[in-house]
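>>> I'd like to go over a predicted model; first the sequence, then the structure.
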Amino acid sequence: MAKYITAPLTEEVARSLRAGESVYLSGTVYTARDAAHKRLCALVAEGKPLPFPVEGSVIYYVGPSPARPGQPIGAAGPTTSYRMDAYAPTLLRLGELGMIGKGKRGPEVIQAMQETGAVYFGAIGGAGALLARCVKSARLVCYEDLGAEAIRELTVENLPLTVVIDSLGHNLYETGRADYLDQYGSK
């Protein structure tokens with residue numbers, strides 16, 4: 001049974017989610033890919049404020065295509081998450097509680113998630129046009145020079161996601177494969 005959750009997240013909600021669960025996320029989500037993450041971490045290193053509230057935030061690793069007339073955003077499929085692994089622990093330790101992307105995460109990210117109670121959600125790659133239907137509004141926050149990789153504030157409604165890695169470190173990429181092999185064997 002799917003869970004309906006709202007962003008920004010609370011630590012209680014983030015810690016209650018388990019790998020393999022389906023969720024529908026509504027609320028405020030920020031977009032950022034590796035170039036934006038690099039700039040955010042530079043601000044942190046310089047002791048400067050970040051351009052959006054990080055506490056409880058969910059960051060979607062996406063570089064959306066241009067919006068069609070009358071639409072808030074173009075196709076909005078996830079990008080490969082490991083490209084943010086060098087930066088994610090910094091933002092997690094500042095209060096980020098959710099990340100949305102696709103693909104595996106490194107051990108440093110998983111450790112930071114366990115320390116902070118954060119969760120990693122998977123979105124379906126190749127379904128960017130369908131995922132964009134869940135975006136009700138989009139506003140440029142900063143780094144317009146990055147084009148599609150600029151940071152945007154999205155208002156989403158029932159964005160379909162899967163908990164891939166939970167705050168306990170349970171990882172669907174590991175347990176899902178093992179469960180499949182247990183059920184179907186290696187025939």
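Perfect, I can see it now.
>>> extract the CA atoms of the longest strand that the chain contains and return them as PDB.
Longest strand in the chain by number of residues (criterion: DSSP state E): strand 151-165. Output of strand 151-165 as PDB, limited to C-alpha atoms (Å, rounded to 0.1, in the frame of the first residue of the first chain):
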ATOM      1  CA  ILE A 151      17.900  25.300  -9.000                       C
ATOM      2  CA  ARG A 152      14.100  25.500  -9.200                       C
ATOM      3  CA  GLU A 153      11.400  25.200  -6.600                       C
ATOM      4  CA  LEU A 154       8.700  22.800  -7.700                       C
ATOM      5  CA  THR A 155       5.300  22.300  -6.300                       C
ATOM      6  CA  VAL A 156       4.400  18.700  -6.900                       C
ATOM      7  CA  GLU A 157       1.200  16.700  -6.400                       C
ATOM      8  CA  ASN A 158       1.300  12.900  -5.900                       C
ATOM      9  CA  LEU A 159       4.700  12.400  -7.500                       C
ATOM     10  CA  PRO A 160       5.100   8.600  -7.600                       C
ATOM     11  CA  LEU A 161       8.300   7.400  -6.000                       C
ATOM     12  CA  THR A 162       9.800   4.300  -4.500                       C
ATOM     13  CA  VAL A 163      11.900   4.300  -1.400                       C
ATOM     14  CA  VAL A 164      15.200   2.900  -2.600                       C
ATOM     15  CA  ILE A 165      17.400   3.400   0.500                       C
END
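>>> helices or strands next to whichever helix or strand comes after it in the packing?
For strand 151-165, the succeeding helix or strand toward the C-terminus, using DSSP states H and E, is helix 172-184. Packing partners of helix 172-184 (3 or more CB pairs under 8 Å, 6 or more residues apart in numbering; DSSP states H and E): strand 151-165. Glycine gets a C-beta too; all of them are placed from N, C-alpha and C.
>>> still on that earlier bit, how about the longest strand of the chain: buried residues?
151-156, 159-165 (16 or more other CB atoms under 10 Å).
>>> okay, and for this structure, where does confidence drop off?
Scanning the chain for pLDDT under 70 picks out 180, 186-187.
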